[in-house]
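Student: Provided below are the primary sequence and the corresponding predicted coordinates.
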Amino acid sequence: MEAMPGLSCAEAVQRLAAYLDRAIAGEELDRLEAHLQACLDCCDRLAFSRTLDACVKARLPQGDLPPGLEARLREALRG
């Protein structure tokens, strides 16, 4: 099996949001987790991102989204 190339810190940081959302898997996840095990700076950034994510989620109102908001957001992201 061919060795997987490592991630740079910049590449790892770009993937932290997806990592927190559990939106990456497979080789990409393996590469990121290997980088996080070896890099204290990126581990610190991950810890900060987790704390920030938790604070934002705690301040968001609970309940359903207004009708059509999700569809409008998805359309805006596609455009």
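Tutor: Cool, got the structure. Numbers count the residues shown, from 1 in each chain.

Student: quick check: mean pLDDT across the longest helix seen in the chain?
Tutor: Identified as the longest helix of the chain according to DSSP state H is helix 40-59. The average of the pLDDT scores along helix 40-59 is 93.

Student: residues of it that come out buried?
Tutor: Residues of helix 40-59 classed as buried: 42, 45, 46 (neighbour count, 16 or more other Cβ atoms under 10 Å). Placement of C-beta: from N, CA and C, glycine included.

Student: how about those residues in TSV, adding distance to residue 22?
Tutor: Shown next, in TSV, are the buried residues of helix 40-59 (distance: Cβ to Cβ, whole Å):
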residue	distance to residue 22
42	18
45	18
46	13
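
Student: coming back round to it: from the chain's centroid, how far away is the longest helix of the chain?
Tutor: Remark: helix 40-59 is offset 10 Å from the chain centroid, using Cα atoms, centre = their mean, to the nearest Å.

Student: then stretch 15-28?
Tutor: Worked out by Cα atoms, centre = their mean, stretch 15-28 lies 5 Å from the chain centre.

Student: backbone phi and psi for residue 39, please?
Tutor: Dihedral pair for residue 39: phi -120, psi 110, per degrees, to the nearest 10.

Student: would you check that it makes contact with residue 10?
Tutor: No - using Cβ atoms under 8 Å, residue 39 is not in contact with residue 10; the gap is 11.5 Å.
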